[in-house]
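need coordinates for the below:
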Amino acid sequence: DAAPASPPQNKRRTTMARRFRPLTDEGVAGQFTRRPQFVSAGGGLVSSAADFARFCQMLLNRGELDGVRILSCKTVDFMNSNHLPLGEAGLHRVDIEAIAADSGFAETGFDGIGFGLGWSVIVDPIKARLLASKGEFGWGGWASTFFAVVPREQMIVLSLAQIAPSDRYPIRRQLRTMAMSTIVD
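Next up, the predicted model:
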């Protein structure tokens, strides 16, 4: 189900991404039924909730899904490790804040958040000011979509909200807080 565009036969299953405008429901941003000229690894993926949930489950299972090994455990561990560059004097620069520019499309800061191979990695939940677990990884999209894989809790959080751009309403922070608040040790 995942592709750079939704095939024509799936048009009725495709939702419209909307630009957030207070007090209105105007401004369709796109339905993503045409393949873009340039396929971006960082944006524009169209998928179903079920397919994306299976992808997240495979990551939670360290590369295995339905008894089939798709990625090695070592590969998944490597992908989920912080890969940001070393700072001065060999000290690890452990978060995006030190090297990222504000794009205007993030509803949270970058303190305490590192970057793996494909997604963010929570390095320090306190510094990030998030109710999260160290080692949690995931990514949020332009239209407020969001996934998080939380190995410590054996949990996946997936939201396919369509509110664009994502810095207009803190839906990811609220969803993460609600999900993490349900955990009883």
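
give me the next element, helix or strand, following the lowest-mean-pLDDT helix or strand in the chain.
Least confident element among the helices and strands of the chain, by mean pLDDT, DSSP states H and E: strand 28-30 (a mean of 50). Next helix or strand after strand 28-30 toward the C-terminus (DSSP states H and E): helix 49-60.

give the rounded mean pLDDT of that next one.
Taken as a whole, helix 49-60 has an average pLDDT of 92.

what helices or strands is that helix leaning on?
Judged by 3 or more Cβ pairs under 8 Å, 6 or more residues apart in numbering; DSSP states H and E, the packing partners of helix 49-60 are strand 64-65, strand 146-150, strand 155-159. Using the backbone N, CA and C atoms, a C-beta is placed for each residue, glycine as well.

list the beta-bridge partners for residue 148.
residue 138, residue 157 (DSSP bridges).

from now on call the first residue 645
Sure, I'll start numbering at 645, so the last one becomes residue 792.

tell me who's in contact with it.
Shown in contact with residue 792 (Cβ atoms under 8 Å, 6 or more residues apart in numbering): 776, 780, 781, 782, 800, 801, 802, 820, 823.

quick one: the second one from residue 711, how far?
Read it as residue 780. In this view, residue 780 and residue 711 are 25 Å apart by Cβ to Cβ, to the nearest Å.

equivalent analysis for the first one, please.
With distances taken as Cβ to Cβ, residue 776 is found 30 Å from residue 711.

neighbour-wise, which of the two wins?
The neighbour comparison of residue 776 against residue 711 (other Cβ atoms under 10 Å) goes to residue 776, with 25 against 6.

thought residue 770 was touching that one, still the case?
No. Between residue 776 and residue 770 there is no contact under Cβ atoms under 8 Å: 9.6 Å.

need the helices and strands packed on helix 693-704 in CSV with distance to residue 763 and mean pLDDT, can you?
Formatted as CSV, these follow (distance: least, Cβ to Cβ, whole Å; pLDDT from 0 to 100):
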stretch, distance to residue 763, mean pLDDT
strand 708-709, 18, 97
strand 790-794, 8, 92
strand 799-803, 13, 93
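
can I get these in CSV including distance to residue 693?
Output for the helices and strands packed on helix 693-704, formatted as CSV (distance: least, Cβ to Cβ, whole Å):
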stretch, distance to residue 693
strand 708-709, 16
strand 790-794, 10
strand 799-803, 7
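
can you tell me which of those strands is most buried?
Neighbour counts (mean count of other Cβ atoms under 10 Å) averaged over each of these peak at strand 790-794, with a mean of 22.

using CSV, list the CA coordinates for that strand.
Extracted in CSV, the C-alpha atoms of strand 790-794 (Å, rounded to 0.1, in the frame of the first residue of the first chain):
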residue,chain,number,x,y,z
PHE,A,790,3.3,10.9,13.3
PHE,A,791,4.7,7.5,14.2
ALA,A,792,6.7,6.5,17.2
VAL,A,793,8.2,3.2,18.1
VAL,A,794,8.8,2.8,21.8
